[in-house]
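[1] Got a sequence here, can you model it:
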Amino acid sequence: MSGEKKGYVYMLTNPAHTVLYTGVTSDLKKRVWEHKQKLSGFTQKYNATKLVYYEVFEGLMEAIAREKQIKAGSRKKKDALIDAFNLERRDLYEEI
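    Down below sits the predicted model:
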């Protein structure tokens with residue numbers, strides 16, 4: 001369907017890289033900014049404000065399906081995804 005918003009799946013972590021948060025959005029820059037402002041309960045509680053991974057999809061439904069797939073995976077699988085995408089685990093926020 002033309003005109004459909006893009007979808008994004010993303011993972012955030014905390015400075016110590018001990019917590020992972022997986023989310024989905026149609027506006028990645030805005031959503032990560034909201035996390036950085038600690039407007040979300042999970043990110044506020046665990047200080048998960050560092051964008052370390054994301055994927056872009058043509059539509060939001062595809063992104064939601066991928067988010068479910070990632071969330072169903074183990075921490076080891078999530079770490080492997082991040083390592084293949086951003087081995088240094090730098091904050092990608094300024095690059096989006």
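[2] Work out for me the element residue 24 sits within.
    With the criterion set as DSSP states H and E, the secondary-structure element containing residue 24 is strand 20-25.
[3] Pull the distance from the helix ranked longest in the chain to the chain's centre.
    Residue-count comparison of every helix in the chain, with assignments taken from DSSP state H, identifies helix 60-72 as the longest. Here the centre of mass of C-alpha atoms in helix 60-72, compared against the chain's by CA atoms, centre = their mean, to the nearest Å, lies 11 Å away.
[4] quick one: contacts of it?
    Applying CB atoms under 8 Å, 6 or more residues apart in numbering, the contact partners of helix 60-72 are 4-9, 11, 22-26, 55, 57, 77-78, 81. For the C-beta atoms, the positions are set from N, CA and C on the backbone; glycine is no exception.
[5] one step back: sheet partners, orientation included, of the strand holding residue 24?
    Each strand paired with strand 20-25, and its direction, by DSSP bridges: strand 7-13 (antiparallel).
[6] got the angle for the partner strand vs helix 60-72?
    Between the direction of strand 7-13 and that of helix 60-72, the angle (axes from the mean of the first three to the mean of the last three CA atoms, to 10 degrees) works out to 30 degrees.
[7] so how far is strand 7-13 off the chain centroid?
    Distance of strand 7-13 from its chain centroid, counting by CA atoms, centre = their mean, is 1 Å.
[8] now swap in stretch 74-94 and tell me
    Going by CA atoms, centre = their mean, where stretch 74-94 is centred and where its chain is centred differ by 10 Å.
[9] can you dump the C-alpha coordinates of that stretch into PDB?
    Output for stretch 74-94, consisting of C-alpha atoms alone and laid out as PDB, is shown next (Å, rounded to 0.1, in the frame of the first residue of the first chain):
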ATOM      1  CA  SER A  74      17.300 -15.400  23.600                       C
ATOM      2  CA  ARG A  75      19.600 -12.700  24.900                       C
ATOM      3  CA  LYS A  76      22.400 -14.500  23.100                       C
ATOM      4  CA  LYS A  77      20.500 -14.100  19.800                       C
ATOM      5  CA  LYS A  78      19.900 -10.400  20.400                       C
ATOM      6  CA  ASP A  79      23.500  -9.900  21.300                       C
ATOM      7  CA  ALA A  80      24.600 -11.600  18.100                       C
ATOM      8  CA  LEU A  81      22.300  -9.300  16.100                       C
ATOM      9  CA  ILE A  82      23.800  -6.200  17.800                       C
ATOM     10  CA  ASP A  83      27.300  -7.500  17.400                       C
ATOM     11  CA  ALA A  84      26.800  -8.000  13.600                       C
ATOM     12  CA  PHE A  85      25.300  -4.500  13.300                       C
ATOM     13  CA  ASN A  86      27.300  -2.400  15.800                       C
ATOM     14  CA  LEU A  87      30.100  -4.400  17.400                       C
ATOM     15  CA  GLU A  88      31.400  -1.400  19.400                       C
ATOM     16  CA  ARG A  89      27.800  -0.800  20.700                       C
ATOM     17  CA  ARG A  90      28.100   2.900  20.100                       C
ATOM     18  CA  ASP A  91      25.000   5.100  20.400                       C
ATOM     19  CA  LEU A  92      23.600   5.300  16.900                       C
ATOM     20  CA  TYR A  93      21.100   8.100  17.700                       C
ATOM     21  CA  GLU A  94      23.100  10.900  16.000                       C
END
